[in-house]
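>>> With the input below, show me the fold.
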Amino acid sequence: LRAEMRRIADGRNALTVAGLWGFVIGLVAITVWIGNPFVYLAAFIVMGPVYVRFAILMHEAAHKLLFSNKRINDWVGTWLIAYPAFTPIQLYRRSHFAHHREEFGPEEPDIAFYGGYVCNRRTLRRRLTRDAIGISGWKNFTALLKAVRNPAARSVVGSILGVQALLWAASGLLTGRWWIYPLLWWLPWMTQWRVLNRLRSIGEHGGLEAGKDRRVTTHNVRQRLLARVWLVPYYTGYHLAHHVDMGVPWRNLPRFHRELVDAGYVTDELTYPSYIALWKALSAETDA
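Predicted structure coming up:
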């Protein structure tokens, strides 16, 4: 089944990328047109899951699974997805492949998200609060700005900041409101995206350990509609299947997951009934 499972749906993926940008533009247009403070608040909240979608499509492009033509894959993944979402995809690709080579290994780039579990509820609340109020985001944003001083990173960082300047200018000219960009683009990235990214990362590998068997390094969580809309869109919740074969594009992960279940590789004993159940289990230590 491998060849069929690894087939990339170029046309449908192009529609997905266009649809994501269409949603963003439509959301901003409707919000500005209505002009109600509560609508602005709702739009701000919705932008959190929008950033999750940018991250997942960028992840697909990093794996060279967004488009079968590698030049198109890298161009779209860089200029239409990663750079608008403040991500140097070149660096991400190298570090992410280190993650796939050995989860929890010596080169693991995401141990800050996965380590430290099981923890108590107070610790988890403190981490999520730092994300929600922008402390984590500010740390990442200032690191991006400081990278301009690095000659090796200057070109990439300059391109990211250039894309951000273009988005700010375009949103200001089209809406007549200079603050649309910081309110509905920069600030959600600084706050909501951090919370959702941490929760999703915990749901993928939190509390596990290094091992040759992917079932001891990666969680399997039953996929429910609300989680798919808000936290794990584009079937990214089938994360164990992704780690079993990282060459399977996102559209084929549900079918690949079913094959793993039918083969007896994925069992009910390995499966959390929901992300809430998993987060509770990983923050089950008694508060000090």
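>>> now the strands for this structure?
According to DSSP state E, the chain carries its strands in the segments 220-221, 271-272.
>>> For residue 121, find the nearest of the ones you listed.
Distance to residue 121, taken as Cβ to Cβ, is lowest for strand 271-272 among the strands of the chain, at 17.5 Å. C-beta here means a position set from N, CA and C on the backbone, and glycine is covered the same way.
>>> tell me which strands and helices the closest one is in contact with?
strand 220-221 (3 or more Cβ pairs under 8 Å, 6 or more residues apart in numbering; DSSP states H and E).
>>> Just checking: what are the partner strands of the strand it packs on?
Partners of strand 220-221 in the sheet, by DSSP bridges, are strand 271-272 (parallel).
>>> give the contact list for residue 266.
Residues near residue 266 by Cβ atoms under 8 Å, 6 or more residues apart in numbering: 215, 220, 240, 241, 257, 260.
>>> re the thing from before, out of the strands of the chain, which gets nearest to residue 187?
If you check each of the strands of the chain against residue 187 by Cβ to Cβ, strand 220-221 wins as the nearest, at 29.0 Å.
>>> Now the closest one: average pLDDT?
What strand 220-221 shows for mean pLDDT is 98.
>>> Other residues contacting it?
Counting contacts by Cβ under 8 Å, 6+ apart, the residues outside strand 220-221 that touch it are 203, 227, 237, 239, 240, 266, 270, 271, 272, 274, 275, 278.
>>> and the third one, how many neighbours?
The criterion is other Cβ atoms under 10 Å. On that basis, residue 237 has 26 neighbouring residues.
>>> Can you list phi and psi of it for me?
Listed backbone geometry of residue 237 is phi -70, psi -20, with angles given as degrees, to the nearest 10.
>>> From residue 63, how far off is the residue nearest to it when sequence neighbours are not counted?
By the measure of Cβ to Cβ, 6 or more residues apart in numbering, the closest residue to residue 237 outside its immediate chain neighbours is residue 223, 4.7 Å from it. For residue 223, the distance to residue 63 equals 20 Å [Cβ to Cβ, to the nearest Å].
>>> Same check on residue 214?
In this view, residue 214 and residue 63 are 16 Å apart by Cβ to Cβ.
>>> circling back to that earlier point, so which of the strands of the chain has the densest surroundings on average?
The highest mean neighbour count among the strands of the chain belongs to strand 220-221 (a mean of 24), with neighbours defined as mean count of other Cβ atoms under 10 Å.
>>> centre of the chain versus that strand, how much separation?
Its chain's C-alpha centre lies 17 Å from the corresponding centre of strand 220-221 when counted by Cα atoms, centre = their mean, to the nearest Å.
>>> for stretch 138-157, what is the average pLDDT?
Stretch 138-157 shows an average pLDDT of 95 in the prediction.
>>> Can you give the contact residues for it?
Counting by Cβ under 8 Å, 6+ apart, stretch 138-157 makes contact with 86, 88, 90, 91, 158, 160, 161, 190, all of which sit outside it.
>>> Count residues in the vicinity of the residue nearest to residue 237, would you?
A total of 17 residues lie near residue 223 under the criterion other Cβ under 10 Å.
>>> And residue 55, by the same measure?
By other Cβ under 10 Å, 22 other residues sit near residue 55.
>>> give the contact list for the closest residue in space to it that isn't next to it in sequence.
Among residues not flanking residue 55 along the chain, residue 85 sits closest, at 6.5 Å (Cβ to Cβ, 6+ apart). The neighbourhood of residue 85, defined by Cβ under 8 Å, 6+ apart, consists of 51, 54, 55, 58, 189.
>>> Can you say which two of the contacts of residue 266 are spatially most distant?
The largest separation in the contacts of residue 266, counting by Cβ to Cβ, is between 215 and 257 at 12.8 Å.
>>> Looking at the two, which one has more neighbours?
Relative neighbour count places residue 257 above the other of residue 215 and residue 257, with 23 against 18, counting by other Cβ under 10 Å.
>>> Pretty sure the more buried one sits against residue 239.
No - under the contact definition of Cβ atoms under 8 Å, residue 257 does not touch residue 239, with a separation of 9.7 Å.
>>> returning to that earlier point: tell me, what's touching residue 215 and residue 257 both at once?
In the contact map built from Cβ under 8 Å, 6+ apart, the residues linked to both residue 215 and residue 257 are 240, 266.
>>> Much appreciated, bye for now.
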